[in-house]
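A.B. asks: Need coordinates for the following:
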Amino acid sequence: MITRLRVWWQRRTIQFRTSVVAAAVALIGLGVVAHAGAGIVSWLLIDSVDADLKRIASGTANQVAAGAPVAGRPDVRVLEERTGAPVDGLPSANLSEWQIVELSAGTGVLDFEAPAELHRWRGVPVTDPAGRHLLVAAESRLVGFADTAGRTGKLLSFGSVLAAALVGFATWIVVHRSLRPVDRIRSAAAELPEGERLPVPEAADEIRALAEELNTMLARRDADTERLRRFTGDAAHELRNPVASIRAQAEVAVMHPDPEIAHETLQDIALEAQRLSTLVESLLALARAEREAEPTQRVDLVAAVRRVAERLGEEVLVDVPDRPVLVLAAPAEVSSVLENIIGNALRYSRTLVRASVQAEPGMGVRLVVDDDGPGIPAEHRPRVFDRFYRVEEDRARTSGGAGLGLALAAEAVTRRGGTAHATESPEGGARIEVRWPAAP
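C.D. replies: The predicted model follows:
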């Protein structure tokens, strides 16, 4: 039952739940106030009666203390303080022992008579000239007290229910008006074309912050969509060439069964297949690079350069400090960046590739890779880090490059807050310079 009620409650709208909670809290709070109010009204009435009774009893007590004759009155009784026996010549006051004790202590007591009649007593102890300890007790009928208290409680309870209903209704209206911007945002989102943004409310409230965050998310979505569209188009274009080449060469081999021609054709097909395999691996690496980055760590760039240079070949000269130089990145990213940049330099160099590391205070850590190859013309340098971009198509085809190595490196470095750019090397070839944030 409780689970069903919880499920039912969770399926209600925010407007409904907020209004019900506000009404319930108001009902509880006003109910407590109503109960307390009824009690306060009763106390004020009795306190007013007590004040009159005390004044009357005190006047009679002063007369008794002065030795005046005790004249019995139905509303003012003179009793023995210990037993409650009357000394004023009137019948018994029908007060119990505990009531006598309370009256002697100066506390008022209530006396109930059938069917619903209330009497209020208030006493003043006094000693007469004969040394007797007496009690002057004044009485008053509380006419209509129970009825007044009951009606007051009912009126306050009814007012509490009415006020709680008004609070719930007002909350319903306020929440409905407050959620209008959300409805507008929802309607706009249902018909929002690509590139457009949600309307932002004028009020600087939580809904405005939500709309701004959603617009930021939409901007990221559009950027991801455009990047995916560009990536898909570039990948399709790049994959089409080797696949078409393999198909054409296979058709030539089928049409010319000459063993020599078939052997040469198979060699060309093997080269194209190798190029296709390299391209696919580069695409997979690029897709992995676009996922969420690994946690930032302190990576020793000097050790990483030495490991990559040793793995890639002896023709890589390493110029690094003797001490560790730490950067903020991920070990796998640093290795990927070094392998792509140094591998690209080895692919186009003639005899020399030099990798150097410099720690520049206030400017991060600088990695420079120089080669003595043909270099990169100035007009191509701003675009060499774009995906699938090649300075010369024929040269890239013969070298086996897919146009993704430098793009992968630049994206990994930029994601960590670094930079990458290409210039001319003092050796006459190309220089790729990368800057990482230095680790503290």
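A.B. asks: mind listing the strands in the protein by residue range?
C.D. replies: Along the chain, the segments classed as strands by DSSP state E run 76-80, 109-113, 117-127, 133-141, 297-300, 316-319, 326-329, 353-360, 364-371, 419-424, 430-436.
A.B. asks: Is it correct that Gly106 is in contact with Leu135?
C.D. replies: No: counting by Cβ atoms under 8 Å, Gly106 stays clear of Leu135, with 10.6 Å between them. Heads up, the C-betas are built off the backbone N, CA and C, glycines and all.
A.B. asks: more neighbours, the two?
C.D. replies: Each of Gly106 and Leu135 has its neighbours counted (other Cβ atoms under 10 Å); Leu135 has more, 25 against 12.
A.B. asks: lowest-confidence stretch among the strands of the chain?
C.D. replies: Mean pLDDT per stretch puts strand 109-113 lowest among these, at a mean of 68.
A.B. asks: Return the helix or strand in this structure with minimum mean pLDDT.
C.D. replies: Of all helical and strand segments in the chain, the minimum by mean pLDDT, DSSP states H and E falls on helix 393-399, at a mean of 49.
A.B. asks: Okay, Cys199 and Leu192: tell me how far apart.
C.D. replies: No Cys there; residue 199 is Pro. Noted for Pro199: a distance of 10 Å to Leu192, by Cβ to Cβ, to the nearest Å.
A.B. asks: my guess is Leu406 meets Asn344, correct?
C.D. replies: Yes: with contact defined as Cβ under 8 Å, Leu406 counts as touching Asn344 (6.1 Å).
A.B. asks: where do the contact lists of the two overlap?
C.D. replies: Counting by Cβ atoms under 8 Å, 6 or more residues apart in numbering, the residues touching both Leu406 and Asn344 are Ile432.
A.B. asks: Buried residues in stretch 142-151, which are they?
C.D. replies: By neighbour count with 16 or more other Cβ atoms under 10 Å, stretch 142-151 contains the buried residues Leu142, Phe145, Ala149.
A.B. asks: so the last one touches Val41, yeah?
C.D. replies: Yes: using Cβ under 8 Å as the test, Ala149 is close enough to Val41 to be in contact (6.8 Å).
A.B. asks: So which elements touch the longest helix along the chain?
C.D. replies: Counting by DSSP state H, the longest helix found in the chain is helix 14-65. Contacts defined by 3 or more Cβ pairs under 8 Å, 6 or more residues apart in numbering; DSSP states H and E place helix 14-65 against strand 76-80, strand 117-127, strand 133-141, helix 145-178.
A.B. asks: Identify whichever of the ones you listed lies nearest to Val252.
C.D. replies: For Val252, the closest of the helices and strands packed on helix 14-65 is helix 145-178, at 73.1 Å, according to Cβ to Cβ.
A.B. asks: Return the list of helices and strands in contact with the closest one.
C.D. replies: Counting by 3+ Cβ pairs under 8 Å, 6+ apart, helix 145-178 packs on helix 14-65.
A.B. asks: One more pass at 10 Å, please.
C.D. replies: Under the contact definition 3 or more Cβ pairs under 10 Å, 6 or more residues apart in numbering; DSSP states H and E, helix 145-178 sits against helix 14-65, strand 117-127.
A.B. asks: what about the stretch 51-200 of the chain, any weak spots by pLDDT?
C.D. replies: 71-72, 111-117, 143-144, 146 (pLDDT under 70).
A.B. asks: For the stretch 251-400 of the chain, which segments count as helices?
C.D. replies: 259-289, 301-312, 331-348, 393-399 (DSSP state H, counting those that start in this stretch).
A.B. asks: is it possible to export those helices to JSON lines including distance to Ile56?
C.D. replies: Formatted as JSON lines, those follow (distance: least, Cβ to Cβ, whole Å):
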{"stretch": "helix 259-289", "distance to Ile56": "98"}
{"stretch": "helix 301-312", "distance to Ile56": "102"}
{"stretch": "helix 331-348", "distance to Ile56": "97"}
{"stretch": "helix 393-399", "distance to Ile56": "117"}
